[in-house]
Structures are given as structure tokens and as C-alpha cells.
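Student: Structure, please.
(one chain, ligands or ions: 1)
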Amino acid sequence: METIAYELIRSKRRTMSVEVDLSGNVLVRAPRLMPKWRIDAFVKERSDWIERARARQARRQAALPTIREEDKPFYVKQAKAILPPKIDFYAQRMGVQPTGLTVTSAKTRFGSCSGKNRLSFSWRLMAYPEAAIDYVVVHELAHIRYKDHSRAFYGFIESVLPDYRERIRLLKGA
Ligand SMILES: [Zn+2]
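Tutor: Residues are numbered from 1 along each chain as shown. Okay, the predicted model is just below:
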């Protein structure tokens, strides 16, 4: 019987949970004092689920664009050309005013909005479809009004991009 390798994070919690990331790594969360053999049994019981989750994540991974570091200069240039007019266009429609724009190399965050309403976008976002880029722009602009991910925040996004959920899917893989 093949055992599943996993990363274990113990914390002050009562239950165990298992998740599979985009690369197929298994992450198990468990209470601090839970014996290792019980955690192993927990993972083994869920081996079918883990296999399905890995297959699902592999499909998602395959749907995402391949981003090569050597393309960075091209994408940075593209970001500087494409983002300002998009930001102006949506900011005007949304009635918000960003204070500046930074292009970053962030790997896991496509965009962010500072407390002072300065927007940052990763050049990696440029490898995604335009519908996805527009969503990230609108998402960060919406943070100028809402510094959270509340219902009101997403309602604001929906008023500008009614199909925003499908756009999110383009960023995460289908
Ligand atoms: Zn956000």
C-alpha cells in the first residue's frame, strides 16, 4: 500500500483537515497533540479524495498560461502600456481615484491596493486573457471603496463586471 507524502501543520485546532495545492502537494492541518498514527490513518482514509483533488488541480494547472521569467521585460512593458488606460476607464466608471501604479513581480498576488489607494499589479498578469486582467483591475479599484472582501465589495465589482465569477476562473484555471 502506497503511503501519501504530506506536509503537516500542527496548530491550536480541534479537527484535522486535508488540502491539495495547485502543484498537487498535500497539506494536512492537525491539532498539536494528535498522534502521528492517527494523522496517517486520516490521510489514508482520504486517499481517494486526494487522488481526485490532485487530478482536478493538474487540470487547472494545465489550463493556466506558462509564464517564463525571460519574458519579464516584454510583460513589464505591456503592463505599463495596457494598465494605465484600463485603470482610468474603470476608475471613472466606478467613481474612485487611485493614487498611483506599480508593476511588481509578485508570484501569488496578481494585484493589490495599498491603504493610500496605490495600486500594484504583477507583470505575470499580462499572460492571462484580457477578461481576467480587467477583473483584477476592477477588483483592486473596488478596494479603494471597500478595504475588505465583503458582500458589498463583490456587489460593487458585479455592478461593473456582471460576469466577474467567470473571469476569476480564468485566473485560477478551469
Ligand atoms: Zn482583494
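Student: And the chain, what are its domain boundaries?
Tutor: 7-63, 69-172 (automatic domain parsing).
Student: most neighbours per residue, which of those?
Tutor: Among the domains of the chain, domain 69-172 has the highest mean neighbour count (mean count of other Cβ atoms under 10 Å), at a mean of 16. (Glycine included, C-beta is placed from N, CA and C.)
Student: what's the span of that domain, first residue to last?
Tutor: Using Cα to Cα, to the nearest Å, the gap from the first to the last residue of domain 69-172 comes to 20 Å.
Student: Dump the domains of the chain into TSV; add mean pLDDT as well.
Tutor: Shown next, in TSV, are those (pLDDT from 0 to 100):
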stretch	mean pLDDT
domain 7-63	94
domain 69-172	96
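Student: hey, where'd the helices end up in this protein?
Tutor: Assigned by DSSP state H, the helices in the chain fall at 36-45, 47-63, 72-94, 130-145, 151-160, 164-172.
Student: Adding distance to residue 26 as columns, could you present these in TSV?
Tutor: Output for the helices of the chain, formatted as TSV (distance: least, Cβ to Cβ, whole Å):
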stretch	distance to residue 26
helix 36-45	7
helix 47-63	6
helix 72-94	31
helix 130-145	28
helix 151-160	30
helix 164-172	19
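Student: just so I know, which of those lies nearest residue 20?
Tutor: Closest to residue 20 of the helices of the chain, according to Cβ to Cβ: helix 47-63, at 4.0 Å.
Student: now could you export just the CA positions of that closest one as PDB?
Tutor: Coordinates of each C-alpha in helix 47-63 appear next as PDB, following Å, rounded to 0.1, in the frame of the first residue of the first chain:
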ATOM      1  CA  SER A  47      -6.700   8.700  -0.300                       C
ATOM      2  CA  ASP A  48      -9.400   8.500  -3.000                       C
ATOM      3  CA  TRP A  49     -10.400  12.100  -2.400                       C
ATOM      4  CA  ILE A  50      -6.800  13.200  -2.500                       C
ATOM      5  CA  GLU A  51      -6.300  11.400  -5.800                       C
ATOM      6  CA  ARG A  52      -9.300  13.100  -7.300                       C
ATOM      7  CA  ALA A  53      -8.200  16.500  -5.900                       C
ATOM      8  CA  ARG A  54      -4.800  16.000  -7.500                       C
ATOM      9  CA  ALA A  55      -6.300  15.200 -10.900                       C
ATOM     10  CA  ARG A  56      -8.500  18.300 -10.600                       C
ATOM     11  CA  GLN A  57      -5.500  20.500  -9.700                       C
ATOM     12  CA  ALA A  58      -3.500  19.100 -12.600                       C
ATOM     13  CA  ARG A  59      -6.300  20.000 -15.000                       C
ATOM     14  CA  ARG A  60      -6.400  23.500 -13.600                       C
ATOM     15  CA  GLN A  61      -2.600  23.900 -13.700                       C
ATOM     16  CA  ALA A  62      -2.700  22.800 -17.400                       C
ATOM     17  CA  ALA A  63      -5.300  25.500 -18.200                       C
END
